[in-house]
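Q: Show me the folded form of this:
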Amino acid sequence: MKLAVLGGGGVRMPAFIRGVLSSREVAFGQISLFEPDRLRRETTGRLAVELAAALGQPGVVQLTSEIEEALTGADFVFSAIRVGGDTARVVDEEVALRRGIVGQETTGPGGCAMALRTIPVLLGYCDLLARCAPGAVLINFTNPVGLITQAISLHTSVRVVGVCDTPSSTLDRLAGFLGADRDKISFSYGGLNHLGWITSFAVDGQEQIGQLLDRYDELRRFDRVFAAFDPAQVRRLGAIPTEYVYYFYEPARYVAAVARAGTSRGTDVLRLNSELLDAIASAFDAGGVDDAWSAYSALMGVRRDTYMRTDTDGHNQQAQARARRAAGGQPGDGRAGGYEGVALQVIDGLTARSPGEVIVNTRNGASLGFLDPDDVVEVPALVHGGGVSPLAVGQLPRSAMGLITQTKQYERELVDAAVTGDAGLAALALAVHPLVPGVTVAREMISEYRQRHGPHLAYLR
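A: Model prediction:
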């Protein structure tokens, strides 16, 4: 099988390639990394290629700056692009934060600007994919995953599945808290990407959601991901929110935390990624792939250790993370985890090698009865040789359904704005978002995004 990757020089790509090639789940005869940026081809892209050789698979991973070369003959395509790069993310966040509004990269105005830059580019790639590899399946990691997957699903002929590791990671954390074997868990989960809730969590057939809610104070101490939420609010909901719901439940706390930190996560990531690219280049100049991997994994460890710290704690904790990583990062155990693990589960199912249940972003059907069948939702689905079949979802809290309904309406309208190139409609769509205080502010932000993102949003009229 051939795998093509859009965004093949992304900073997570070396770890992704290592996880894929070390996995026994899916074997690829060719992995083509499409990366138009020269610096990334020569750093993270080169590291991915040389890691493949170090793992005994020389020649399997190839770099290209030509999109058609990457897509031709592909069986599966992974999309992991960031139009405008890390600098654009900083702008996305700043425009919102200056107005006291959540500036996170996937949620609210930040996600809106990112989607507006990304949708036209990916729709163009999909047109090429339909010609170069009409039978290929696109597995979308590009954020905002739900929005982008909806645009592709509704406006191209490409088969698309969106993936995110947030839900599965939350389930793993809950299993760890209870000391339960992950294979013995059943659950109910539903929502949109970065807006989902776990409403049932059973171990060996015994429902444990009540125990998890009763012990939520302990759960917060066990894992900081759950510390973002107020225990009384979670118990009242009767469901456990996934981490990104924080931005909807605590917008004022988030804005205050970023102000206290004096930096946004986007700014932190921009600096870390710049340092990482320099470190890889220097390591290759001084040594080889082992040195480059050590430099890479150490800085990616800092990035992981500081994830959401600024947004929740008001301090990015980088000094502490660097101290812990001072000895240098080491390769993991070779198992595919994170979003590559979810993607491989999808491929395993679609190739009929190992059909199974996976949480994905796909067309709703009848899974969430209060949304339209064609809406892209994030739900468990049976992934098999015949495709992706969304499963029924248990009853969600009414407040959750309200947030989902309003956010989905924003997503529908934003996709329409991106497809038609209508700046006025983009502002009206953003005004629908639960975190945006009205159409006047939405119009101001869309105007500023158009000015600051320049050619990336020049298509909006």
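Q: now the farthest one out in this structure, which residue is it?
A: Using C-alpha atoms, centre = their mean, the residue of the chain lying farthest from its centre is Ala286. It sits 33.7 Å away.
Q: Could you pull up the contacting residues of that one?
A: For Ala286, the contact set (C-beta atoms under 8 Å, 6 or more residues apart in numbering) is empty. From N, CA and C alone the C-beta is placed, and that goes for glycine too.
Q: now do Thr263
A: Listed by C-beta under 8 Å, 6+ apart, the contact set of Thr263 reads 310, 316.
Q: That one: which element?
A: Assessed by DSSP states H and E, Thr263 sits outside every helix and strand.
Q: and the gap between it and Tyr246?
A: 18 Å (C-beta to C-beta, to the nearest Å).
Q: now Asp183
A: Asp183 is 29 Å from Tyr246, by C-beta to C-beta.
Q: Check which residues of stretch 446-461 are buried.
A: 446, 448-450, 452-453, 456-457, 460 (16 or more other C-beta atoms under 10 Å).
Q: let me fix that: stretch 153-160
A: Buried residues in stretch 153-160 (16+ other C-beta under 10 Å): 153-156, 158-160.
Q: And stretch 219-237, by the same measure?
A: 219-220, 222, 225-229, 231, 234, 237.
Q: Can you pick out the most distant pair from the residues you listed?
A: The largest separation in those, counting by C-beta to C-beta, is between Phe222 and Leu237 at 19.2 Å.
Q: can you list the weak-confidence ranges in the stretch 301-450 of the chain?
A: Scanning the stretch 301-450 of the chain for pLDDT under 70 picks out 327-337.
Q: thinking again about what came up before, what's the closest of the buried residues of stretch 219-237 to Arg304?
A: Closest to Arg304, out of all of the buried residues of stretch 219-237 and judged by C-beta to C-beta, is Val225, at 12.4 Å.
Q: so where do the strands sit in this protein?
A: Assigned by DSSP state E, the strands in the chain fall at 2-6, 30-34, 61-64, 76-79, 137-140, 159-162, 185-192, 195-203, 206-207, 240-241, 356-363, 376-384, 387-390.
Q: Distance to Ala54 added to those strands, as JSON lines?
A: As requested, those are exported to JSON lines (distance: least, C-beta to C-beta, whole Å):
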{"stretch": "strand 2-6", "distance to Ala54": "19"}
{"stretch": "strand 30-34", "distance to Ala54": "15"}
{"stretch": "strand 61-64", "distance to Ala54": "11"}
{"stretch": "strand 76-79", "distance to Ala54": "21"}
{"stretch": "strand 137-140", "distance to Ala54": "25"}
{"stretch": "strand 159-162", "distance to Ala54": "30"}
{"stretch": "strand 185-192", "distance to Ala54": "35"}
{"stretch": "strand 195-203", "distance to Ala54": "37"}
{"stretch": "strand 206-207", "distance to Ala54": "45"}
{"stretch": "strand 240-241", "distance to Ala54": "40"}
{"stretch": "strand 356-363", "distance to Ala54": "30"}
{"stretch": "strand 376-384", "distance to Ala54": "31"}
{"stretch": "strand 387-390", "distance to Ala54": "35"}
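Q: Select from the buried residues of stretch 446-461 every entry located in helices.
A: Counting by DSSP state H, the buried residues of stretch 446-461 place 446, 448-450, 452-453 in helices.
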